[in-house]
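In: What shape does this take:
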Amino acid sequence: MKTKIILPLLALALLLAACGKNERSVRKVATKDKTVAASTKILNETDLSPDDVLSVTRRGEKVTLRWDADFSDCKEISILRNSVDKAKNRQTVAHIPASSTEYVDTVPNTRVYWYWISVSTNDNKSKRFGPVRARADAGKTGEYTGASKGMSLIAQRTASSVVVAWDLPKDEYREITIWRRNKPEHTQGRNQRTLVLKTTERSGDVMDTLPDANASYWYWIEAIKADGTVRSKGPAKATFTIKGGKSK
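Out: Numbers count the residues shown, from 1 in each chain. You can find the predicted model right below:
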């Protein structure tokens, strides 16, 4: 099951320039077929060159995402996934080297998933390509496990603060982040979550002072493993645990 999407080639050329690609490489990308460059919709045609497409293939729980652009002069590539073709609640599933041309994701269930690649430039900016659709596993051929299995995230609050406790499976983590928002949804852009903590400790707790004692709050944890895979859990609602407190 394979789906293709045209990369916006002008944007791609500008991105490569920002990453330090030489003028010749940028000019080569920018002068591709204008018909191809003008289209960014998802296609089912099979007569497109691999140089022009971002593709997704699914077999059971394994989803393979491939691209043919050379981003090796950039800083990093992030793989984003969602159950809908929208930015809201989009999840980062991996941070991989910029020289990569594919990524194999393990999804937690048989449903449809949508993917983006986000390319980070050396000046800490980024450009996203997608979304592209990985079809549902209609035959239920995969072996599925929960992506957050073995992860614990608990948020207990008073009126003015929350104690966030976490415990992750034994592994090597290069970065663990905890985020807060006053809504259970989040986006990567406007109305972003607030960073509470960065750490490498796989278990612990932190006290978070709240900006508004009358509001409700939710928390997320994202743990980047040594291989770049991201494990996530949340949103976990902060609940009152002291006598006389109200559940928000």
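In: Just confirm Lys225 contacts Glu172, I think it does.
Out: Yes: if you go by C-beta atoms under 8 Å, Lys225 and Glu172 touch, sitting 6.7 Å apart. All C-beta atoms are positioned from the backbone trio N, CA, C, and that covers glycine.
In: Among the two, which residue is more densely surrounded?
Out: In terms of neighbours (other C-beta atoms under 10 Å), Lys225 is the more surrounded of Lys225 and Glu172; the figures are 18 against 9.
In: low pLDDT regions in this protein?
Out: The model of the chain has pLDDT under 70 over residues 1-18, 20-53, 146-148, 188-191, 242-248.
In: where do the helices sit along it?
Out: Counting by DSSP state H, the chain has helices at residues 9-18, 23-30, 34-38.
In: tell me the domain ranges of the chain?
Out: 2-134, 152-240 (automatic domain parsing).
In: Dump the ones you listed to CSV, plus distance to Glu143.
Out: Formatted as CSV, the domains of the chain follow (distance: least, C-beta to C-beta, whole Å):
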stretch, distance to Glu143
domain 2-134, 6
domain 152-240, 18
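In: Give the burial count for the residue lying closest to Ile176 once chain neighbours are set aside, as a bare number.
Out: Spatial nearest neighbour of Ile176, chain neighbours left out: Ala223 (4.6 Å); criterion: C-beta to C-beta, 6 or more residues apart in numbering. Counted with other C-beta under 10 Å, residues neighbouring Ala223 total 23.
In: got a list of what Ala223 touches?
Out: If you count contacts by C-beta atoms under 8 Å, 6 or more residues apart in numbering, Ala223 has them with Met151, Leu168, Tyr173, Glu175, Ile176, Thr177, Arg202, Val230, Arg231, Ser232.
In: Now the buried members of those residues.
Out: Met151, Leu168, Tyr173, Ile176, Thr177, Arg202, Val230, Arg231, Ser232 (16 or more other C-beta atoms under 10 Å).
In: Quick check: of those, which lies closest to Glu102?
Out: Glu102 has its nearest neighbour among these in Val230, at 17.1 Å by C-beta to C-beta.
In: Neighbours of the residue nearest to Tyr217 when sequence neighbours are not counted, how many?
Out: Among residues not flanking Tyr217 along the chain, Ala238 sits closest, at 4.6 Å (C-beta to C-beta, 6+ apart). With neighbours defined by other C-beta under 10 Å, the count for Ala238 comes to 25.
In: pretty sure Ala238 contacts Ser160?
Out: No: applying C-beta under 8 Å as the test, Ala238 and Ser160 come out as separate, 11.5 Å apart.
In: Which one of the domains of the chain lies nearest to Thr145?
Out: Of all those, it is domain 2-134 that lies closest to Thr145, at 6.8 Å by C-beta to C-beta.
In: what residue is smack in the middle of the chain?
Out: Thr92 (1.7 Å; C-alpha atoms, centre = their mean).
In: from memory that one sits against Ile77, does it?
Out: No: counting by C-beta under 8 Å, Thr92 does not reach Ile77; the two are 11.1 Å apart.
In: dump the residue contacts of Glu172.
Out: Contact analysis of Glu172 by C-beta under 8 Å, 6+ apart lists Lys225, Ala226.
In: make it 6 Å
Out: Ala226 (C-beta atoms under 6 Å, 6 or more residues apart in numbering).
In: Kindly report the same for Leu210.
Out: When contacts are counted by C-beta under 6 Å, 6+ apart, Leu210 touches Ser160, Ser161.
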